[in-house]
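Trainee: sequence and computational prediction follow.
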Amino acid sequence: MSLLGDNKSSIKRTFKCSKSLCSAKYETEDFDGKTDMKCHCGDDLRWRSRGGTVHRYFRCDECDKDYESLAYKQTKLECPGCDAELHEDKRRTKYYGKLYGQYQCSNCRKKWSSAYAFKRDFQKCTECGNEVLPHQLVEHLKDGKKGDKEHRSDLCGRCMSERPCKFANRR
């Protein structure tokens with residue numbers, strides 16, 4: 001199965017040349033996931049996702065072994081040695097880049113979600129102004145859809161720290 005499925009996408013995607021000395025960038029809506037795209041220098045172009053990644057760690061109690069995964073939204077995994085279900089070790093989980101986060105204010109109990117969530121950056125509650133860290137983070141859906149809400153940089157801790165999250169990349 002291709003990266004984007006079998007149908008052509010009408011989503012604008014940004015590609016970057018894989019050569020370190022060439023800094024060429026290209027945008028296209030005609031990427032079908034099957035065709036190799038080449039830069040003017042002759043090297044391959046790579047699609048750069050704007051979303052973040054979650055590095056998950058798993059433990060097998062039967063074999064007493066640890067495993068790790070960068071697979072997209074993987075929450076269940078079977079042990080390759082004994083086929084037992086592995087348990088995620090959430091204490092070791094690492095979060096990179098812009099993710100989808102859920103929040104709940106400890107003062108007024110207001111709940112909200114945001115497509116611009118980062119592990120160590122707060123968002124301000126619209127009700128009481130309290131600074132709240134996300135309590136759950138997951139990768140964005142890979143459907144290419146854009147959100148229907150405007151990003152509120154006046155409530156975003158990352159934007160207030162002069163590291164605008166609108167331009168955040170993966171790592």
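Mentor: Alright, I've got the coordinates.
Trainee: so which residue is dead centre in the chain?
Mentor: The geometric centre of the chain, computed from its C-alpha atoms, lies nearest to Gly52 (CA atoms, centre = their mean), at 2.3 Å.
Trainee: roughly how far does the closest residue to it other than its chain neighbours sit from Glu127?
Mentor: Once flanking residues are discounted, Gly52 sits nearest to Gly97: 2.9 Å by CB to CB, 6 or more residues apart in numbering. For every residue, glycine as well, the C-beta is placed using N, CA and C. Taking CB to CB, to the nearest Å as the criterion, Gly97 is separated from Glu127 by 28 Å.
Trainee: again, but for Ser69
Mentor: 37 Å.
Trainee: ok, which stretches of this structure are strands?
Mentor: Listed from the start of the chain, the chain has strands (DSSP state E) covering 13-17, 25-28, 45-47, 53-60, 65-69, 87-88, 94-96, 99-104, 111-117, 123-124, 131-132, 136-138.
Trainee: same list (the ones you listed) but as JSON lines, adding distance to Gly157, mean neighbour count and mean pLDDT.
Mentor: What follows is the strands of the chain, written out as JSON lines (distance: least, CB to CB, whole Å; neighbours: other CB atoms under 10 Å; pLDDT from 0 to 100):
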{"stretch": "strand 13-17", "distance to Gly157": "26", "mean neighbour count": "17", "mean pLDDT": "68"}
{"stretch": "strand 25-28", "distance to Gly157": "29", "mean neighbour count": "12", "mean pLDDT": "72"}
{"stretch": "strand 45-47", "distance to Gly157": "29", "mean neighbour count": "15", "mean pLDDT": "63"}
{"stretch": "strand 53-60", "distance to Gly157": "20", "mean neighbour count": "18", "mean pLDDT": "84"}
{"stretch": "strand 65-69", "distance to Gly157": "29", "mean neighbour count": "14", "mean pLDDT": "83"}
{"stretch": "strand 87-88", "distance to Gly157": "27", "mean neighbour count": "14", "mean pLDDT": "83"}
{"stretch": "strand 94-96", "distance to Gly157": "15", "mean neighbour count": "16", "mean pLDDT": "82"}
{"stretch": "strand 99-104", "distance to Gly157": "11", "mean neighbour count": "19", "mean pLDDT": "91"}
{"stretch": "strand 111-117", "distance to Gly157": "10", "mean neighbour count": "17", "mean pLDDT": "90"}
{"stretch": "strand 123-124", "distance to Gly157": "6", "mean neighbour count": "22", "mean pLDDT": "95"}
{"stretch": "strand 131-132", "distance to Gly157": "7", "mean neighbour count": "18", "mean pLDDT": "96"}
{"stretch": "strand 136-138", "distance to Gly157": "14", "mean neighbour count": "15", "mean pLDDT": "87"}
